[in-house]
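**Q** sequence and computational prediction follow.
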Amino acid sequence: MAVPGQRRSPRPRTLGLGVTAAVAALVLAACGSGSSSSSGSSITELDYYSDQQGSAAWQQVLDGCQQQTGVTVKRQSLPTDQLLPRLLQAGPHSLPDLAFTDNPTLQQVASTGALTPLTDYGFSAAGYAQSIVQAGTYQGKIYGLAPGVNGLALIYNKDLLTAAGIQPPTTWDELKADATKLTRGSQYGLAFSAVATEEGTWQFLPFFWSNGGDLSKLDSPQGVQALQYVSDLVSDGSTSKSVLTWNQNDVADQFVAGNAAMMINGSWNLARLDSTANLHYGVVPIPVPQAGKQPVVALGGEVGIIPATGDATQQAAAKVLSCILSDKTMSSWDKGHAYVPSKTSVATTFGQQNPEMQPFVSEVATARSRTAQLGDKYAKVSTALGAALQSALTGQQSPQQALTQAQQQATGS
Amino acid sequence: MTVLTDGVVGAPVRSAGPRRPRPRHRGRDRLVRLAFLLPAVLYVLVFFGYPLVNNISISLRDYTTRSFFTGEAPFVGFANYGTVFTDPLFGRAVLNTVLFTVGSIFFQFTIGLALAVFFAGRFPGSTLLRSLLLLPWLLPLVVSGAVWRWMLDADHGVINAALRALHLTSDPTPWLTSTSWALPAVILANVWIGIPFNLVILHGGVQAIPGTLYEAAALDGAGRWQRFRHVTWPLLRPVTSIVLMLGLVYTIKVFDVIMVITGGGPANATQTLTTWSYQFSFRLYEFGPGAAVGNLLIVVATVFGLVYLRSARTTLAEEAR
């Protein structure tokens, strides 16, 4: 556009050529921008820690590792749901040198062939919790390792439970009875998220798995029973029907506002609960179907991946990743962000030093990776399971019907 | 535009008489004309042609996350369209899209028209009120959506609180959590967002109707309703058809409002073709069916666009007579 204006009395032919050239230049510029630099002492990094507190904590980690390794890290932070599209759309020439992606999406990214196995750089999975190693493994090779993991637990309002004279529940029966007892006026006994996204599935999985549900056979009796249990919590009124629209932040809002006496939520909310005046909360593992069983929660957390961007940048990225995964950095990042260290030995000390994190730490041992069994088929099964959850909770279908249909959808072409 | 160039540039050359270099001039003229066309053609090719062709190509391929890097996407013909048409959600999504579009446009248009006629008369504060009514248009859709989601909350939403305070209902209405209420709820939000657009354009149309016609009608004994029915309504017709057509194209592609308020839920009760296409592409990573659904929307919008162009041409022809 600027080209014709710069020339006085342009001749028609050159005008046309000028515009063509300008457009071509634009297109070329658009294609070329974002390509990673080839210098080994500087790398680009991509993550989705875009909330204020998380972003600051992560920046500290990166700053520390820049100093330690001498590698300059150019950071880019995106909202959670934009990270995967960004990685996919990048194409082979504009990949970041180091990225941290939600662990179930690793399968999708690794299946593209854009990643390099971490074992190439001398990383070893020894000492890490087994489930996070599974989450980072695609077709037998380790492509991602996480500096921290998270899971769900039951967070309760101490004052409300004491006033009602009850102990935090440990089994499904207790949870149901307590939730009913704690429901009065505008206050619900329990809050969780059953929203129509991956968040909803992720919140339902602890119930589904702890009862012996199986992702490759959604409509097994154990799975149906779990869905029946959760939909009973909603239909008997001890949980608001609005769980269908609440994401996990909304759930935390309800808890903080005193509208829910207990909630199912992740450790990353603890900092916010700490900063709320006059709120006394406690954390226990997610209640299990029968006393004595172990809760099986889904494993959350981001894994560090090294895309194939050229040997020099890959080596530099590996240096930075290895610094991030070192015991010391891991421990301080997890403290800052309320995650659980992914190395078992670090986690044990961490749990002793941070008692409110202990329930999350103990759950990691039995936690399960969402993609270990299904690989990149997980996305389809998760969507089907999420739809069944919504269908049952709205009363559209019985849990049995909903899961039968979900199983058909999940296995259909 | 080409016609215009032809008349202006072409005419003097012809009148310049039978001079020798004419054929050469002819060639240059043609180049000039082409050069003027070039920016528009390039723009259309780069920003409409390429994405459209690409989308059609993706819809005919087995396009997965892998394809982005390897470029391998086997051609599968119309299999993706088959997947879409036989999916149990297809009928639901189409019906929801129709209900959402028709419901939104009907209320946006009637309320917008009523307000446009209302603001045709001048009264103190009318300009201020009218500019305040534009507010929904200025807000980012995601903000509007988030606010509506909060207002529609069954337990603590301001709408249910208001209904309770007015003793209109005793039980809270489960706006976003019941499969029968969710679609009306998102339509309600979208109507609120769409009223300003209808109001502004229809108001312009109403203002353009000469006041003398109303005077004449009043002298002939026409009441308020008759003046609207026999003066405003027929004279507003060209504007009406533009508003309805643009409204249709805008509404059929609405994505953000639904995504923010319900995310297509509960239990797919508000799943429209746009949100369903998103679900295919970015939750299931099945880009082929996602593109196929997108193409269906393009076809529908194009059909209505052609219908509009045709009716506009007949209107123009009528007016020329």
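**A** The structure has been received and is ready for your questions.
**Q** show me where pLDDT drops low in chain B?
**A** Low-confidence regions of chain B, defined by pLDDT under 70, span residues B:1-25, B:319, B:321.
**Q** could I get the contacting residues of the closest residue to chain A within it?
**A** Nearest to chain A in chain B, going by CB to the nearest CB, is residue B:265, at a distance of 3.4 Å. C-beta: built from backbone N, CA, C; applies to glycine. Residues counted as contacts of residue B:265 (CB atoms under 8 Å, 6 or more residues apart in numbering or on different chains) are A:195, A:196, A:244, A:245, A:390, B:182, B:271.
**Q** same thing but 10 Å
**A** For residue B:265, the set of contacting residues under the criterion of CB atoms under 10 Å, 6 or more residues apart in numbering or on different chains consists of A:194-197, A:200, A:244-245, A:386-387, A:389-391, A:393-394, B:176-177, B:179, B:182, B:258, B:271, B:275.
**Q** residues of the stretch 1-150 of chain B that sit close to chain A?
**A** Counting by CB under 10 Å from any CB of the partner chain, the positions of the stretch 1-150 of chain B adjacent to chain A are B:28-39, B:42-43, B:45-46, B:50, B:64-71, B:79, B:82-83, B:86-89, B:149-150.
**Q** helix or strand: which one has the most centrally placed residue in chain B?
**A** The central residue of chain B, meaning the one whose C-alpha is nearest the mean C-alpha position (CA atoms, centre = their mean), is residue B:250 at 1.5 Å. Assignment of secondary structure by DSSP states H and E places residue B:250 within helix B:237-252.
**Q** what packs against that helix?
**A** helix B:88-120, helix B:182-208, helix B:287-320 (3 or more CB pairs under 10 Å, 6 or more residues apart in numbering or on different chains; DSSP states H and E).
**Q** do a quick rundown of the helices in the stretch 251-400 of chain A.
**A** Along the stretch 251-400 of chain A, counting by DSSP state H, counting those that start in this stretch, helices occupy A:270-274, A:311-324, A:327-337, A:344-353, A:358-364, A:378-393, A:399-411.
**Q** so what does the shortest one touch, helix or strand wise?
**A** In other words, helix A:270-274. Helix A:270-274 packs on helix A:52-69, strand A:152-157, helix A:248-256, strand A:281-284, helix A:327-337, going by 3+ CB pairs under 10 Å, 6+ apart.
**Q** same thing but at 8 Å, please
**A** Judged by 3 or more CB pairs under 8 Å, 6 or more residues apart in numbering or on different chains; DSSP states H and E, the packing partners of helix A:270-274 are helix A:248-256.
**Q** and chain B, is the helix it packs on touching that?
**A** No. Applying CB under 8 Å from any CB of the partner chain, one finds helix A:248-256 separated from chain B by no less than 8.6 Å.
**Q** now what about that helix, what contacts it?
**A** Residues beyond helix A:248-256 that count as contacts (CB under 8 Å, 6+ apart) turn out to be A:155, A:157, A:188, A:191-193, A:199, A:203, A:240, A:243, A:246, A:260, A:262-266, A:269, A:272-273, A:276, A:279.
**Q** okay, the angle between that helix and strand A:152-157?
**A** Inter-element angle recorded for helix A:248-256 and strand A:152-157: 30 degrees (by axes from the mean of the first three to the mean of the last three CA atoms, to 10 degrees).
**Q** what about helix A:248-256, average pLDDT?
**A** Averaging pLDDT along helix A:248-256 yields 93.
**Q** quick one: buried residues of that helix?
**A** Judged by neighbour count using 16 or more other CB atoms under 10 Å in any protein chain shown, the buried positions of helix A:248-256 are A:248, A:250, A:251, A:252, A:253, A:254, A:255, A:256.
**Q** gap between the third one and residue B:47?
**A** Read it as residue A:251. 42 Å (CB to CB, to the nearest Å).
**Q** same deal with the fourth one?
**A** To residue B:47, residue A:252 is 42 Å away according to CB to CB.
**Q** now stretch A:229-241, how far from the centre of its chain.
**A** The gap between the average C-alpha position of stretch A:229-241 and the chain average comes to 25 Å, counting by CA atoms, centre = their mean, to the nearest Å.
**Q** quote the end-to-end distance of that stretch.
**A** Stretch A:229-241 has its terminal residues 15 Å apart, counting by CA to CA, to the nearest Å.
**Q** what's that stretch in contact with?
**A** With CB under 8 Å, 6+ apart as the contact definition, stretch A:229-241 has outside contacts at A:172, A:176, A:179-180, A:182-183, A:188-192, A:194, A:204, A:207, A:211, A:243, A:254, A:259-260, A:389, A:392-393, A:395, A:399, B:154-155, B:174, B:177-178.
**Q** looking at these, which are in strands?
**A** A:188, A:189, A:190, A:191, A:260 (DSSP state E).
**Q** closest to residue A:216 out of those residues?
**A** Residue A:216 lies nearest to residue A:190 out of the ones in strands among the contacts of stretch A:229-241, by CB to CB, at 29.2 Å.
**Q** roughly how far apart are the closest one and chain B?
**A** Summarising the geometry, the distance separating residue A:190 from chain B, computed by CB to the nearest CB, to the nearest Å, is 14 Å.
**Q** run a quick neighbour tally on that residue.
**A** Residue A:190 has 27 neighbours, counted by other CB atoms under 10 Å in any protein chain shown.
**Q** now the closest residue to it other than its chain neighbours: how far from chain B?
**A** Across the structure, with CB to CB, 6 or more residues apart in numbering or on different chains as the measure, the residue nearest residue A:190 apart from its sequence neighbours is residue A:179 (4.3 Å). Residue A:179 sits 16 Å away from chain B, going by CB to the nearest CB.
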